[in-house]
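Q: model the structure of this input:
(one chain, ligands or ions: 1)
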Amino acid sequence: MPPANRELTRAINQFHVLNEIRKAGCLSRVEIAELTGQSRSSVTTITALLMDQGLILEKKTHKPTARGRRRTMLTLNPEAAYVVGVKISAFQISFAVVDFKASVKASLIMPIRTGQKPVQFMADVIEEGVRHCVAQCRLSLDDISGIGIGVPGFVDSTTGICHWTPLYKPGEIPLQDLMRQRLGVTTVIENDANAVTVGEQWFGLGVGIDNFIVVTIEHGVGMGIVVHGALYRGATGVGAEVGHMVVIPDGEPCRCGKKGCIEAYVSDYSILRRAKAVLEQRRDKPNLDMLTIEDVTEMARKGDAAMAKLFREGGEMLGLGVAGLIQIFNPERVIITGEGVRAGDLMFASTIKTTKKLLNKEVREAAEIIIQEWADDDWARGAAGFMLSELYQSPLDTVHSMLGEHIRHPSPGGIVP
Ligand SMILES: [Zn+2]
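A: Below you'll find the predicted structure:
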């Protein structure tokens, strides 16, 4: 075998070993050999190399083997690398520093109205947030292996070019290049829903599932699709956008310029707009300028039938879209997540009902629909998870040098008792 091929084969084998340990959390060398199909001696060589690089650690279990010895297990070294995830939303920018095992070490939410700000302004804010969060963990920028930025809109993550986003005006220099210049850290920008999807695949509800769909609901409606274990990017690299699938021709206006998109019924801003239109007709209307989506949710919960109907209709429109996706992709799981899930049954009972009505029983039953509870730093954690996945895969693609350059040296001893 030519040396170059041999090196690539070794890199791929290393990746598989690391990947199995990541998926399982903790494995013995014998289990790794069984899972990867590699010989025990090859696994011993590879795991020794990964330990030398500080990527994995040995851990003795309390449970003895049949021969009475304590088994030696292998686990990822959480200190092997740190990354920062950043998520740009309409009213805030959130940050999270995570370690190699995707545990959040520090997080920060900056309340900022971002709509159509210049890219330089965004770079100023992101620089401040990243520096603050990294310092909170008592780390320096030299300890950071990468920054992942999630942004809604049409983003080509391979070139780093954001073709369109409602949140800032892309300038001459792409945001990821500005951040690299300012912080000296590798930065990757990705559509926010795609970043959350990869985060789920690596560290969340998508672990070990080859075909699944994530739908994110907040100010807009986003989605990510994993087909045969890979993120689906479509012909132009910007991926899938269920939010702008038209479900009612000539329906409610959408901010994309079309009418009747799913987003025009499901997103925060569309429910708020429709609620204001209904309340405007009432004699005892509240102050509509101050009305928030939280107010509308509370009114619906307290029994305001007209408000509850808006959520129910939103849920039905989402159900139309989700049913179409399930029919086409036959996924094992559909994960609905994002701030919008706080509406709970007000919205999603009708989503589930609609999919049941529209799908063949077999297809519907094969797809588990999960409404995932949402935490404030989940978006940023998703962006960080995406960045980590880029690091993990580095032996196989263009970010080859990233892991090698940024891996921290193992702590003395290297073995966790
Ligand atoms: Zn639209």
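
Q: now the helix or strand containing residue 327, how far from the centre of its chain.
A: Under the criterion of DSSP states H and E, residue 327 resides in helix 305-329. Computed by Cα atoms, centre = their mean, to the nearest Å, the separation of helix 305-329 from the middle of its chain amounts to 22 Å.

Q: name the element residue 106 belongs to?
A: strand 104-111.

Q: what is whichever helix or strand comes after that strand packed up against?
A: Next helix or strand after strand 104-111 toward the C-terminus (DSSP H and E): strand 117-118. In terms of contacts (3 or more Cβ pairs under 8 Å, 6 or more residues apart in numbering; DSSP states H and E), strand 117-118 is packed against strand 168-169. Every C-beta, even on glycine, is put in place using the N, C-alpha and C of the backbone.

Q: what does the strand it packs on rub up against?
A: Residues outside strand 168-169 that contact it (Cβ atoms under 8 Å, 6 or more residues apart in numbering) are 88, 114, 116, 117, 118, 119, 121, 122, 151, 175.

Q: kindly recompute the last result at 10 Å.
A: 88, 114-123, 151, 153, 162, 175 (Cβ atoms under 10 Å, 6 or more residues apart in numbering).

Q: could you say which helix or strand holds the nearest residue to residue 193 once chain neighbours are set aside?
A: Closest residue to residue 193 apart from its sequence neighbours, by Cβ to Cβ, 6 or more residues apart in numbering: residue 222 at 2.9 Å. Following DSSP H and E, one finds residue 222 within strand 221-227.

Q: from the stretch 101-250 of the chain, which residue is nearest to the ion?
A: Residue nearest to the ion within the stretch 101-250 of the chain: residue 244 (3.7 Å; Cβ to the ion).

Q: residue 266 is in contact with that residue, correct?
A: No - applying Cβ atoms under 10 Å, one finds residue 244 not in contact with residue 266, separated by 11.4 Å.

Q: those two: which has the busier surroundings?
A: In terms of neighbours (other Cβ atoms under 10 Å), residue 266 is the more surrounded of residue 244 and residue 266; the figures are 28 against 16.

Q: in contact with the more buried one, which residues?
A: Residues in contact with residue 266 (Cβ under 10 Å, 6+ apart) are 215, 217, 220-221, 242-243, 247, 311, 313-318, 321, 340, 343, 347, 351.

Q: just residue 102 next, same as before
A: 22, 76, 78, 83, 85, 96, 199, 202-204, 381, 384-385, 388-389.

Q: count the residues that sit near residue 139.
A: Count around residue 139 with other Cβ under 10 Å applied: 17.

Q: and the closest residue to residue 165 other than its chain neighbours, how many residues sit next to it?
A: Distances taken as Cβ to Cβ, 6+ apart place residue 153 nearest to residue 165, at 3.1 Å, with adjacent residues excluded. A total of 19 residues lie near residue 153 under the criterion other Cβ under 10 Å.

Q: can you pull the pLDDT of residue 153?
A: For residue 153, the pLDDT comes out at 81.

Q: circling back: the residue nearest to residue 193: how many residues sit nearby?
A: Residue 222 has 29 nearby residues by other Cβ under 10 Å.

Q: residue 194 is in contact with that one, correct?
A: Yes - using Cβ under 10 Å, residue 222 is in contact with residue 194, at 8.0 Å.

Q: hmm, back to that, if any of the contacts of residue 102 are buried, put those into a PyMOL selection.
A: Remark: buried members of these, expressed as a PyMOL selection using 16 or more other Cβ atoms under 10 Å:
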select buried, resi 22+76+83+85+96+199+202+203+204+381+384+385+388+389
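
Q: relative to residue 140, which of the contacts of residue 102 is nearest.
A: For these, the minimum distance to residue 140 (Cβ to Cβ) is 14.2 Å, reached by residue 83.

Q: show me the contacts for the closest residue to that closest one other than its chain neighbours.
A: Distance criterion Cβ to Cβ, 6+ apart; nearest residue to residue 83, sequence neighbours excluded, is residue 387 at 4.3 Å. When contacts are counted by Cβ under 10 Å, 6+ apart, residue 387 touches 81, 83-86, 98, 144-150, 186-188, 190, 195, 198-199, 399, 402.

Q: hmm, try it at 6 Å
A: 83, 146, 148 (Cβ atoms under 6 Å, 6 or more residues apart in numbering).

Q: can you report phi and psi for the nearest residue to residue 208 once chain neighbours are set aside?
A: Of all residues not flanking residue 208 in the chain, residue 23 sits nearest, at 6.1 Å (Cβ to Cβ, 6+ apart). Phi and psi for residue 23, reported as degrees, to the nearest 10, are phi -70, psi -40.

Q: coming back round to it: which of the contacts of residue 102 sits closest to the ion?
A: Closest to the ion, out of all of these and judged by Cβ to the ion, is residue 199, at 25.0 Å.

Q: and stretch 146-166, end to end?
A: Stretch 146-166 has its terminal residues 25 Å apart, counting by Cα to Cα, to the nearest Å.
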